[in-house]
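J.: Fold the following for me, if possible:
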Amino acid sequence: MQVIKAENLSKQYLLGSRQPNSVREVLTGVFARRSEPRHTLWALRDVSFSVSDGETLGLIGHNGAGKSTLLKILSRITKPTSGRASISGRVGSLLEVGTGFHNELTGRENIYMNGAILGMKHAEIKKSFDEIVAFSEIEEFLDTPVKHYSSGMYMRLAFSVAAHLDPEVLIVDEVLAVGDINFQKKCLRKMREVGESGRTVIFVSHDMASITRLCKRAIVLNHGSIVSDGPVEDVVSEYVAVEMGSRSERIFADEPQAVQSESVKFRKVRIVDADANTKGSFDIRQPIGVEMTYEVMSDGEILIPNLQLINQERVHVFTIHDVASEWSKRPKARGTYVSTAWIPGNLLAEGNFALNAAIVSYMPNQKVHLYVTDAVSFNVFDPMTGDSARGDFAGRMDGVVRPIVEWETTSI
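T.: Numbers count the residues shown, from 1 in each chain. Sure, this is the predicted structure:
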């Protein structure tokens, strides 16, 4: 069943405009508008999509893409300039800090006020009250006006209220960065629970790993329009490829200038899964194949495929080359060859990666025949549940690699 249906949503803002503060400003404004050009911004343009019950949707895009405007329309905070959005059931929303609470009221009073706004009876709110307070971990400050809360305390209570008052739709903007790591972990788990209970979740984040862990579907907004909508792995892979200026497959025959030397020419480089399918997004536990297709144009040279892995911070993670196959010390005759390097699962950390591809010789002399920077790219995500090195930890894990290592513990 469709819980959310957006039909041709558009939202226009007047740039530099403000509400008049006096009768004089109203009267002078009438004449000013006749002579002064009015600058407008379309934050959304003809946005249409639907979301079913139990679906967890990720919303991604650059700052200014229209994500927050769309959430405000869905949360009934603002109206669209044109089009319509229909939503079935209660909506719990967590947007920017400061939205949804009355600063002069205490935390306790704001819980009941938000429940009443959602149409809940006093008894219904009371039933969830203890759970809200326990989750937020601010019981000591419950009877303090929220204007005295830190941004972290405010966000803890706001998320707790939004998630625990039984909304049919939970909308969360990327505001969880305000909380500490342990609270982020609780929030991510709670959002997963909400989705698994059959309710609908819309989650906005710039963190592709979080989007891929939590969502089954994703939408990309760009300049107020939907440019991609589909399975989260496909959408994130495409988005990451655009962001990094690369892709999961590169066919050099399609390019105007051939990538070749006197000895060898690149045909294709692609990222593949265990079934040899081109793929751009991988579960951290899955092996990642890098397949290089190249044409040898002269006999007699020992040609070695070489790869350099670069992460999203442009840190050089490692360099690998063929040292074990039958061709590692054997000259190649003319013809077309396919070499595939397999990066094992449970080795890389989550994030975005690019690969520099090369063909080199080490004997009798060192020589770089071909070298392509950022030839292909891919994304690695670490699921919330599973047997990866993350375990039950849901917060940020630093490091360029994340291997599973053997542990031994003894009592002494």
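
J.: so Q308 makes contact with R314?
T.: No. Contact status for Q308 versus R314: not in contact, 11.5 Å apart, counting by CB atoms under 8 Å. (Each C-beta comes from the backbone N, C-alpha and C, glycine too.)

J.: Neighbour count for those two, which is higher?
T.: Between Q308 and R314, counted using other CB atoms under 10 Å, Q308 has the larger neighbour count: 18 against 7.

J.: in what helix or strand does that one lie?
T.: Here Q308 sits within strand 304-311, counting by DSSP states H and E.

J.: Parallel or antiparallel, which strands does the following helix or strand past that strand pair with?
T.: The helix or strand immediately downstream of strand 304-311 is strand 316-321, counting by DSSP H and E. Paired with strand 316-321 in the same sheet, following DSSP bridges, are strand 304-311 (antiparallel).

J.: Mind checking the pLDDT average for the strand it pairs with?
T.: Averaging pLDDT along strand 304-311 yields 95.

J.: One more: stretch 284-298?
T.: Model confidence over stretch 284-298, given as mean pLDDT, is 94.

J.: just the strands in the stretch 51-200 of the chain please.
T.: With strands called from DSSP state E, counting those that start in this stretch, the stretch 51-200 of the chain shows them at 56-60, 82-87, 91-94, 169-172, 200-204.

J.: can you redo those as TSV with distance to H148 and mean neighbour count?
T.: Putting the strands of the stretch 51-200 of the chain into TSV (distance: least, CB to CB, whole Å; neighbours: other CB atoms under 10 Å) gives the following:
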stretch	distance to H148	mean neighbour count
strand 56-60	32	25
strand 82-87	33	16
strand 91-94	20	23
strand 169-172	25	24
strand 200-204	28	24
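
J.: For the ones you listed, please prepare CSV with the additional fields mean pLDDT and distance to F353.
T.: Listed next are the strands of the stretch 51-200 of the chain as CSV, based on pLDDT from 0 to 100; distance: least, CB to CB, whole Å:
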stretch, mean pLDDT, distance to F353
strand 56-60, 93, 18
strand 82-87, 93, 37
strand 91-94, 81, 31
strand 169-172, 88, 27
strand 200-204, 91, 23
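
J.: how about those strands, which one is nearest S10?
T.: Among the strands of the stretch 51-200 of the chain, the nearest to S10 by CB to CB is strand 82-87 (4.6 Å).

J.: Report the residue spans of the stretch 301-412 of the chain with pLDDT below the cut-off.
T.: Scanning the stretch 301-412 of the chain with the threshold set as pLDDT under 70 gives 384-386, 392, 394-396.

J.: just so I have it, where are all the strands in it?
T.: In the stretch 301-412 of the chain, strands defined by DSSP E, counting those that start in this stretch lie at 304-311, 316-321, 335-343, 351-361, 367-381, listed in chain order.

J.: which residues touch the closest residue to V259 other than its chain neighbours?
T.: Nearest residue to V259 in three dimensions, chain neighbours excluded: F266, at 4.4 Å (CB to CB, 6 or more residues apart in numbering). Residues in contact with F266 (CB atoms under 8 Å, 6 or more residues apart in numbering) are F252, V259, Q260, M292, T293, Y294, A357, I359, L370, V372.

J.: do that again at 6 Å, thanks
T.: Contact analysis of F266 by CB atoms under 6 Å, 6 or more residues apart in numbering lists F252, V259, Y294, L370.

J.: can you count the residues close to the spatially closest residue to H206 that is not a sequence neighbour?
T.: Computed as CB to CB, 6+ apart, the closest residue to H206 that is not its neighbour in sequence is E174, at 6.1 Å. E174: 19 surrounding residues under other CB under 10 Å.
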